[in-house]
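Novice: A structural model of the following input is requested.
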Amino acid sequence: MLSKALSNYPQFRFRDGQKRLWNPILKKTFVDLPEERVRLALVDFLTLEAGIKGSRISFESPVKLAGDKSSSRTDILCYDQDFSPLLLAECKAPDIKLDEKAAIQVARYNQKVGAPFVLVSNGMLDFWFEIKGDEINLCKELPTLFATKNNVRRIRSYWEERAFIGEKLNPEGRAFAERSCSKLFTDPHQPVKYLNFDDFSPDFALGHYYRIFGIEENLKVALCLSATPYGGTRLNGVLNQRGANTAFFSSSLDLIVESENVNTEIHSAKGVTELDLSEETEFNFNRNIEDMVWGFDELLRKHS
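Specialist: Below you'll find the predicted structure:
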């Protein structure tokens, strides 16, 4: 089934200008790695939606398996109200294909743990298993114990904690950013992907979650809103042609609010172009961001 990580997002914190993952259970930061993003997105689901208390979740619990020279460690282990193991979860990076080998690995861990439920996830797909005696049964639906019990309020503070919106954005920009995040990133059936851009300044805040729009065959535009290390907010768009990223724009919502004429940079093989996004695309804080996608597409194709 589709992963619960697709509609939940990990928290981030900036440390010395670097964006790091924040574990709300352990109260510490971690390096921003794909597998860790999956794990913390699932923790978000378990605590905020499934209603499992953070005090009943542990990480990296040692498990000594027969034949192993050293202890293995679990990714996520949830306990019931009596603090007996309830769920053992193994998390993989999104580009790791889930197969029988991954399931067997978790099943081996569970021989020692003894949890009645097992989850294997790569952030794209979830495989849930119910253990009854020696039987391992694949669940066709989400087990009732983990069904959504709470409606998560995805308001501004939610998006700020997950580095979609910077804390310094003024009210007009915040209202637009909050609406846009709800439009772009809350539907698990719409394609969202974390993209990395290691060769560009952190000021652009390019590395984040993007909603992917198919414009036509072999042509896509990806959009994200992301916070900068200094509390600013960027609207970023990437043009993908035939599987290759050929251009991107990065706009400062803070500068647009302040009516600065130069608020956007476009990077492509042609070089760097500075411009006013509002003039070039009829960008407006009162418009629906999904209605502006094709304007962003035309802008990027024009400069690529």
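Novice: in what helix or strand does the nearest residue to E290 once chain neighbours are set aside lie?
Specialist: Spatial nearest neighbour of E290, chain neighbours left out: K183 (5.8 Å); criterion: C-beta to C-beta, 6 or more residues apart in numbering. Every residue, glycine included, has its C-beta placed from N, CA and C. Secondary structure from DSSP states H and E places K183 in helix 171-185.
Novice: Buried residues in that helix, which are they?
Specialist: Neighbour-count burial for helix 171-185, counted by 16 or more other C-beta atoms under 10 Å, picks out G173, R174, F176, A177, E178, S180, C181, L184, F185.
Novice: and it, what's its mean pLDDT?
Specialist: In this model, helix 171-185 has an average pLDDT of 95.
Novice: continuing past that helix, what's the next helix or strand?
Specialist: strand 192-195.
Novice: contacting residues around that next one?
Specialist: With C-beta atoms under 8 Å, 6 or more residues apart in numbering as the test, strand 192-195 has contacts from 6, 34, 37, 94, 184-185, 206-212, 222, 224, 238.
Novice: Identify each buried residue in it, please.
Specialist: Within strand 192-195, judged by 16+ other C-beta under 10 Å, the buried ones are V192, Y194, L195.
Novice: got it, and stretch 23-38?
Specialist: Across stretch 23-38, burial judged by 16+ other C-beta under 10 Å covers N23, P24, I25, T29, F30, D32, P34, E36, R37, V38.
Novice: And the last one, what's its pLDDT?
Specialist: V38 carries a pLDDT value of 97.
Novice: In a helix, it, correct?
Specialist: Yes: under DSSP: H, G, I helix; E, B strand; the rest coil, V38 sits within a helix.
Novice: Thought L98 was touching it, still the case?
Specialist: No: with contact defined as C-beta atoms under 8 Å, V38 does not reach L98; the gap is 11.4 Å.
Novice: Which neighbours do those two have in common?
Specialist: Joint contacts of V38 and L98 (C-beta under 8 Å, 6+ apart) are K92, S121, N122.
Novice: ok, now which ones touch the second one?
Specialist: Translated: S121. Counted by C-beta under 8 Å, 6+ apart, S121 has contacts S3, K4, A5, V38, L42, A89, E90, C91, K92, L98, F127.
Novice: For C91, see how far away it is.
Specialist: 6 Å (C-beta to C-beta, to the nearest Å).
Novice: need the helix or strand of the chain with the lowest average pLDDT.
Specialist: strand 62-63 (a mean of 69; mean pLDDT, DSSP states H and E).
Novice: Residue ranges of each domain in the protein, please.
Specialist: Domains of the chain are assigned by automatic domain parsing as 4-146, 163-303.
Novice: least reliable of these going by mean pLDDT?
Specialist: domain 4-146 (a mean of 88).
Novice: circling back to that earlier point, can you add distance to N288 and give the buried residues of strand 192-195 back as CSV?
Specialist: CSV is the format used below for the buried residues of strand 192-195 (distance: C-beta to C-beta, whole Å):
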residue, distance to N288
V192, 18
Y194, 24
L195, 23
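Novice: which one of these sits closest to S55?
Specialist: S55 lies nearest to Y194 out of those, by C-beta to C-beta, at 28.8 Å.
Novice: That closest one bridge partners, please.
Specialist: Y209 (DSSP bridges).
Novice: Distance of it relative to L42?
Specialist: Counting by C-beta to C-beta, the gap from Y194 to L42 is 14 Å.
Novice: which helices and strands does the host helix or strand of F249 pack with?
Specialist: Counting by DSSP H and E, the element that carries F249 is strand 244-252. With contacts defined as 3 or more C-beta pairs under 8 Å, 6 or more residues apart in numbering; DSSP states H and E, strand 244-252 has these neighbours: strand 233-241, strand 264-268, helix 293-303.
Novice: Tabulate the CA atom coordinates of it in CSV.
Specialist: Extracted in CSV, the C-alpha atoms of strand 244-252 (Å, rounded to 0.1, in the frame of the first residue of the first chain):
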residue,chain,number,x,y,z
ALA,A,244,17.2,15.7,-16.9
ASN,A,245,16.9,18.9,-14.9
THR,A,246,17.6,21.7,-17.3
ALA,A,247,16.7,24.9,-15.4
PHE,A,248,15.4,26.1,-12.1
PHE,A,249,14.1,29.4,-10.6
SER,A,250,14.4,30.5,-7.0
SER,A,251,12.3,33.3,-5.8
SER,A,252,12.4,35.1,-2.4
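Novice: following it, which helix or strand comes up?
Specialist: Counting by DSSP H and E, what follows strand 244-252 is helix 253-257.
Novice: List the buried residues for that following helix?
Specialist: Using 16+ other C-beta under 10 Å as the test for burial, helix 253-257 gives L253, D254, L255, I256, V257.
Novice: Output that helix as CSV, nothing but the C-alphas.
Specialist: Extracted in CSV, the C-alpha atoms of helix 253-257 (Å, rounded to 0.1, in the frame of the first residue of the first chain):
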residue,chain,number,x,y,z
LEU,A,253,8.9,35.4,-1.2
ASP,A,254,10.2,37.9,1.3
LEU,A,255,11.5,40.2,-1.5
ILE,A,256,8.2,39.8,-3.4
VAL,A,257,6.3,41.0,-0.4
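Novice: Fine by me, we can end here.
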